[in-house]
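In: quick one, fold the following:
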Amino acid sequence: MWISIPKRHIVVWDNICFSISPEELNVVMEHFLYMVPYLLVECASSDEQRDQYSLEPFTYERLTNIPQVRAGDCGVYALKYIECHALGMPFSKKDFAKPNGKTMRDKMAVDIFKELHDAHEFENKDNDANLGAYEG
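Out: Numbering: from 1, shown residues only. Predicted coordinates:
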């Protein structure tokens, strides 16, 4: 599940709709509808910014046109939804079809490995004394 907040309205992108009923989601979301405005006011960095916000509760909707996935794939799909949304790309049910789940997971794992690989080596260079701490 991923939540987008345009203006004072929360949009819930739930790709496993059967995991929570509309009634249960209402109970969960009620807290967010009041908490988010409060956090915006409390975390504002200046009085001018704080004046832009109010404690009026947000509204929300749960989109129903989200391609459904199997349990376990939701994290990968949520990250892809966020990526597409951030880049202004449309969501295609064809692109998010179940057969593409493994390909997305594999590509994401490779991308993460490429990004973190150098950081891991750099950390070990500074911490050579502890490299064998967990070896048998």
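In: do you know the pLDDT at residue 25?
Out: Listed pLDDT for residue 25 reads 90.
In: that one reaches residue 62, doesn't it?
Out: Yes - the pair residue 25 / residue 62 is scored as a contact, 6.2 Å apart, by CB atoms under 8 Å. In this view, the C-beta of every residue, glycine as well, is placed from N, C-alpha and C.
In: which neighbours do those two share?
Out: Taking CB atoms under 8 Å, 6 or more residues apart in numbering as the criterion, residue 25 and residue 62 both touch 12, 14.
In: for this protein, just list every one of the strands.
Out: 2-4, 9-13, 59-62 (DSSP state E).
In: now tabulate these in CSV and tack on distance to residue 113 and mean neighbour count.
Out: Formatted as CSV, these follow (distance: least, CB to CB, whole Å; neighbours: other CB atoms under 10 Å):
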stretch, distance to residue 113, mean neighbour count
strand 2-4, 23, 15
strand 9-13, 27, 16
strand 59-62, 34, 14
